[in-house]
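Student: here is a sequence with its predicted model. Questions after.
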Amino acid sequence: MGKKLTKLVLTGLVCLLITALVSGCGGGSGNTPEEKKSAETKIVPIYTPPSGGAAYILGGGAANIVDIKGVQLAAESTSGSVEMVKLVSERYKNSGDAFAIIATDGIYNGYKGINEFDKPYPELRAVSYIYGAEVYLVVPAESPIKSYADLKGQRVGVGAPGSTLSSMATMLIEDCYGVPKEDYKALPLSYGEVIQGIKDGSINAGFLAGAAPMASYSELSSTKDVRIIPVDEEIIAKVITEYPYYYRSLVKPGTYKDQNDEIPILAFGVAILTHEGVDDQLVYDLLKTLVDKNDELVAVHKVAEQMNKDTLLNGIGIPLHPGAQKYMDEMGINK
């Protein structure tokens, strides 16, 4: 009896084990097409600035447009450049892929560990420029201000504290044109406040930034005769040498009401950032897709019209990722 009982128990245990193995291999999770696809697909974040702006919108658009086997881009909004750089760096440390859509000065400052960054992030790599924001110093048409050097003694709206626009305005006025900080009144005004201030005369000049044609300037010029102050060519050359995340641009004749002359100005870019650990082919495929399907990106936001083979290196001040460099080489794109 004892031997028979033992044999029965052993037989039962073997049956249970076989049943468990069959259940685990055949009927458990991970066997439906959807589950298999999910297991094979890698989620790659594409970080953006806070919701509402063009970069945030384009991040979501890129996530939908880019179709790479085994990869799903997922747009994630952040508080801004500092957080995006830190998140990309964290992904690098953890061997995870990541991208970000970020202002070019944030990319450069993060790579170098200057200004708002307390340490360098040498693992950062650029992919390409997407679009740019032109910077205008605006004055009433009848104003005696003809140059940035004429801002001495004037009240000037320079943008929000800590913004790219504010940094650029201060650099141009003080460092490039030699107007000491104490010799003019810098006012931290929003675009709307600059428009209102020039209309009512409470400020003498103000800075505006955006993709051309700039909506804020168009709004102002529709009700007030205004002018854009040009940046001298020698100043432009000096700035883009010292600050490679800025680049030269032109306000073409006819862009705005009663604007008949070409006006040289400076601009800053918004670009795609990644890190050196991301697979070369993934970066290449992403960039090629966004260029080839640019019309789809433009449908998401009109500023993507600026992303083309003539602009892909605008404002790029750090090393390109090898995957991006491969694409640039194939297209014959170089600075």
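Tutor: Right, received. Where do you want to start?

Student: please count neighbours and contacts with C-alpha atoms only from this point.
Tutor: OK.

Student: residues in contact with I236?
Tutor: Y247, R248, I265, L266 (CA atoms under 8 Å, 6 or more residues apart in numbering).

Student: mind running it again at 10 Å?
Tutor: L172, C176, Y246, Y247, R248, S249, P264, I265, L266 (CA atoms under 10 Å, 6 or more residues apart in numbering).

Student: please report the distance of it from Y243.
Tutor: Distance, I236 to Y243, using CA to CA, to the nearest Å: 10 Å.

Student: can you show me the helices along the stretch 151-300 of the chain?
Tutor: For the stretch 151-300 of the chain, applying DSSP state H, counting those that start in this stretch gives helices covering 164-170, 191-200, 215-221, 233-242, 280-292, 294-300.

Student: can you list the domains in the protein?
Tutor: 41-131+270-331, 133-268 (automatic domain parsing).

Student: figure out the length between the terminal residues of the last one.
Tutor: Yep, that's domain 133-268 we're talking about. The separation between the terminal residues of domain 133-268, taken as CA to CA, is 6 Å.

Student: quick check: mean pLDDT across it?
Tutor: The pLDDT scores in domain 133-268 average 93.

Student: now for the contacts of I236, which pair is the farthest apart?
Tutor: Pairwise distances across those (CA to CA) peak at 17.4 Å, for the pair C176 and S249.

Student: quick one: buried ones out of the contacts of I236?
Tutor: Buried members of those, scored by 16 or more other CA atoms under 10 Å, are L172, C176, Y246, Y247, R248, S249, P264, I265, L266.

Student: and the gap between the fifth one and Y327?
Tutor: Relative to Y327, R248 is positioned 24 Å away (CA to CA).

Student: quick check: P50 touching S79?
Tutor: Yes - counting by CA atoms under 10 Å, S79 is a contact partner of P50 at 5.5 Å.

Student: more crowded one of these two?
Tutor: P50 (16 against 12; other CA atoms under 10 Å).

Student: residue contacts, the more buried one?
Tutor: Contacts of P50 by CA under 10 Å, 6+ apart are Y56, I57, E76, S77, T78, S79, G80, S81.

Student: which one of the residues you listed sits in the busiest neighbourhood?
Tutor: Ranking the contacts of P50 using other CA under 10 Å puts S81 first, with 25 neighbours.

Student: check contacts around that one.
Tutor: By CA under 10 Å, 6+ apart, the neighbours of S81 are 47-50, 87, 100-107, 109-110, 116-117.

Student: got it, and I195?
Tutor: Residues near I195 by CA under 10 Å, 6+ apart: 138, 157, 189, 201, 203, 205-208, 216-217, 219-221, 224.

Student: please pick the buried ones from the residues you listed.
Tutor: V138, G157, L189, I203, A205, G206, F207, L208, Y217, L220, S221.

Student: next, format those residues as a markdown table and append distance to L320.
Tutor: Listed next are the buried ones among the contacts of I195 as a markdown table, based on distance: CA to CA, whole Å:
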| residue | distance to L320 |
| --- | --- |
| V138 | 35 |
| G157 | 35 |
| L189 | 35 |
| I203 | 42 |
| A205 | 38 |
| G206 | 35 |
| F207 | 31 |
| L208 | 30 |
| Y217 | 34 |
| L220 | 39 |
| S221 | 39 |
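
Student: per-residue pLDDT, Y111?
Tutor: 97.

Student: excluding chain neighbours, what is closest to it?
Tutor: Y121 (4.7 Å; CA to CA, 6 or more residues apart in numbering).

Student: what do you get for I316?
Tutor: Y245 (5.6 Å).

Student: and L208, by the same measure?
Tutor: Y136 (5.3 Å).

Student: against D105, how distant is the one you found?
Tutor: 18 Å.

Student: wait, isn't K252 in contact with I228?
Tutor: No - with contact defined as CA under 10 Å, K252 does not reach I228; the gap is 11.8 Å.

Student: have a look at the two and say which one is more surrounded.
Tutor: Set K252 next to I228 and count neighbours by other CA under 10 Å: I228 wins out with 24 against 15.

Student: ok, now which ones touch the residue nearest to the more buried one when sequence neighbours are not counted?
Tutor: Closest residue to I228 apart from its sequence neighbours, by CA to CA, 6+ apart: V138 at 4.8 Å. Contacts for V138 were tallied using CA under 10 Å, 6+ apart; they are 145, 156-157, 194-195, 198, 204-208, 217, 220, 226-230.

Student: which element is V138 on?
Tutor: Assigned by DSSP states H and E, V138 falls within strand 124-140.

Student: got the angle between that strand and helix 280-292?
Tutor: 30 degrees (axes from the mean of the first three to the mean of the last three CA atoms, to 10 degrees).

Student: now stretch 51-64: average pLDDT?
Tutor: Stretch 51-64 comes out at a mean pLDDT of 88.

Student: I'm done for today, thanks for sticking with me.
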